[in-house]
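> Just a sequence and a predicted model for now, questions to come.
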Amino acid sequence: MLFASLRGYGLSWLPGDLLAAITLVAIAIPEQLATARLAGMPPMAGLLSFAAGSLAFAAFGANRYLSVGADSTIAPIMAGGLAAIASAGSSQYAAMVSMLALLVGLVLVVSWLLRLGWIADMLSVPVTTGFLAGISVRIILGQLPGILGIEVPTRHVTDELPAIWEQLPHTNLLAVAIGAGVFVGTLLAEKLSVRIPGALIGLVASGLAVWLLGPSHGGVAVLGPLPVALPPMTLTFPDFSELTRLLPLSLIIALVCMIQTAAVVRSFPSDATGREDVNRDFAAVGAGSILAGIFGAFAVDASPPRTAVVHESGGRSQLSGLVAIAIVAAMVLLVAAAFAFVPEAALGGVLLFIGVRIFRLATMRQIYRRGGWEIFLVLASGALVIFLPIQTGVTTSVMLSLLHSVYIIARPGCAVLSRVPGTTIWWNLLPEEPGEREPGVLVFAPGVPIYFMNAAHVRDKLIDAIAKAPKPCRLVVIEANGIIDIDFTGSQILQQAVVELRQGGIDVAVARLESERAQHAAARSGLTAALGADHLFRSVEDAIRAARARNLI
């Protein structure tokens, strides 16, 4: 269904949507202009991306609040990845940007067709926090020359600070005042209320100041007037050579879009039943990127701060985004020449604010206090993005997250359970908590799916637990509540362990194999037959009673 958020629209929604649209425009214009600068594209490309993303999501999306447009998270990834192919500002670069937007959009649409929403959960919070911190550092370093009013050639990040230091004597104090003023003003405005358009106020104030200074602009670089005419609609697909260079980058950007879109949808749900159609929202964001690419703009993404603005301003549907497009178009037609006075240092101040905002220091503190060694994932992924080419750094961060998840599955914690005194509950009690154990019985809980990558580890943990048991073990009860699946290799290793333990005089039973999927896998792979149907129980206590009846304990 097209325009799903407008279904059941009532006039009572209109005031909230109009207020949300006005507030959204005030926040979006400076952000989109700044993000276009970050992406190495003309300012108009940012506004076109906002229009394309908002229109496509209103037509195809499900969430009522989500705001889509140019985004500061993916812009530096895109610019960094394309830097090795073409020079920013060239016609080749612009063509590559459009082709990349088309590819990103197609990847997102395919993810909807294949129901790949689960991919959004592939990056852990520590790794995501780390690579966002790395992007933040790169944004901040990249904007320092513009804020200082100096020229620094594009260099590796390790050379950038020394180069900036060398140019400090040539600093333009007016540019510093403008950049710092916009940054501080935007920061204070957000702390007071997300509805206060601090960035827009800063751009207008700095533009007026530059206008009053006259033709020289005080030596401060300015944007220049916006073109009023729309660019021609083009649909250029990459050839094979271009495809091989752009496809890996498009996959990375699409993955980041999926992760961020899923996070925003979950933070601002609009379905009363809680059944958000994230896969459909992926397709809608993808459609926005395709439309942006057709108009010569760049890939779009869901925006957490703009979505928060729509939600908190009383927006009830995607009509707020559609009205925002109309307001932006009217402003471009009426005051396009006024953008000629907007200082680049002001946009640098907006980007400095964005860089600080995505540096999630509070989350890092939580990870440090509660995540243990996972803080090293934050540091590692951040360092990878900072010191490697950004495309390589983000790719390596994704791989780091996958390795982290593989390690958790491959080396799971396994517990020896004790009975809670006075109950029939078997639990992983702390050392200082009182617990009961049956003489000659070991209750062992793997707590994970048994796969080829962890089955040998689980078996070794079981053998180690038997060796450390206080009395000779006669019965092992595998408490299988956490075993939700078993693959063929895992089953074979467990079957071999059962045979070896029984040959050594230790019987093996399984209790609480509740997962239907695991039950089918155990039967199909031969594990149930190896154990014996009379060795499968619904509780640990049932397994112990059956062992007593057979005089095993």
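All right, it came through fine.

> Distance-wise, check the spatially most central residue of the chain relative to residue 401.
Of all residues in the chain, the one closest to the mean position by C-alpha atoms, centre = their mean is residue 259, 3.4 Å from it. Going from residue 259 to residue 401 by C-beta to C-beta, to the nearest Å gives 10 Å. For glycine as for every other residue, the C-beta is placed from the backbone atoms N, C-alpha and C.

> before we move on, what about residue 179?
Separation of residue 179 from residue 401 (C-beta to C-beta): 34 Å.

> and these two? which has more neighbours close in?
The neighbour comparison of residue 179 against residue 401 (other C-beta atoms under 10 Å) goes to residue 179, with 30 against 21.

> number of nearby residues for the residue nearest to residue 55 when sequence neighbours are not counted?
Computed as C-beta to C-beta, 6 or more residues apart in numbering, the closest residue to residue 55 that is not its neighbour in sequence is residue 325, at 6.2 Å. Residue 325: 22 surrounding residues under other C-beta under 10 Å.

> Can you pull the residues that touch both of residue 259 and residue 401?
122, 123, 128 (C-beta atoms under 8 Å, 6 or more residues apart in numbering).

> re earlier: would you confirm that the residue nearest to residue 55 contacts residue 49?
No. Using C-beta atoms under 8 Å as the test, residue 325 is too far from residue 49 to be in contact (11.5 Å).

> What is the longest helix of this structure by residue count?
Longest helix in the chain, counting residues (DSSP state H): helix 240-267.

> Name the next helix or strand following that one along the chain.
helix 278-294 (DSSP states H and E).

> Output the contacting helices and strands for that following helix.
On a contact count with 3 or more C-beta pairs under 8 Å, 6 or more residues apart in numbering; DSSP states H and E, helix 278-294 meets helix 43-60, strand 68-69, helix 91-113, helix 240-267, strand 301-302.

> Check the offset of it from the chain's centre.
Chain-centre distance of helix 278-294: 17 Å, with C-alpha atoms, centre = their mean, to the nearest Å.

> ditto for stretch 435-445
Put simply, stretch 435-445 sits 43 Å off its chain's centre (C-alpha atoms, centre = their mean).

> Could I get the buried residue list for that stretch?
By 16 or more other C-beta atoms under 10 Å, the buried positions in stretch 435-445 come out as 435, 437, 438, 440, 441, 442, 443, 444, 445.

> could I get the helices and strands packed on helix 278-294 as a markdown table with distance to residue 346?
Below are those laid out as a markdown table (distance: least, C-beta to C-beta, whole Å):
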| stretch | distance to residue 346 |
| --- | --- |
| helix 43-60 | 12 |
| strand 68-69 | 19 |
| helix 91-113 | 24 |
| helix 240-267 | 26 |
| strand 301-302 | 23 |
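
> Show me the contact partners of the worst-scoring helix or strand of the chain on mean pLDDT.
With mean pLDDT, DSSP states H and E as the measure, the helix or strand of the chain carrying the lowest mean pLDDT is helix 157-167 (a mean of 81). Residues outside helix 157-167 that contact it (C-beta under 8 Å, 6+ apart) are 137-138, 141-142, 144-145, 148, 150-153, 155, 386-387.

> Write the ChimeraX selection for whichever of these are buried.
Command for ChimeraX that selects the buried part of these, burial taken from 16+ other C-beta under 10 Å:
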select :137,138,141,142,144,145,148,150,152,386
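
> Name the nearest of the contacts of helix 157-167 relative to residue 512.
residue 386 (47.5 Å; C-beta to C-beta).
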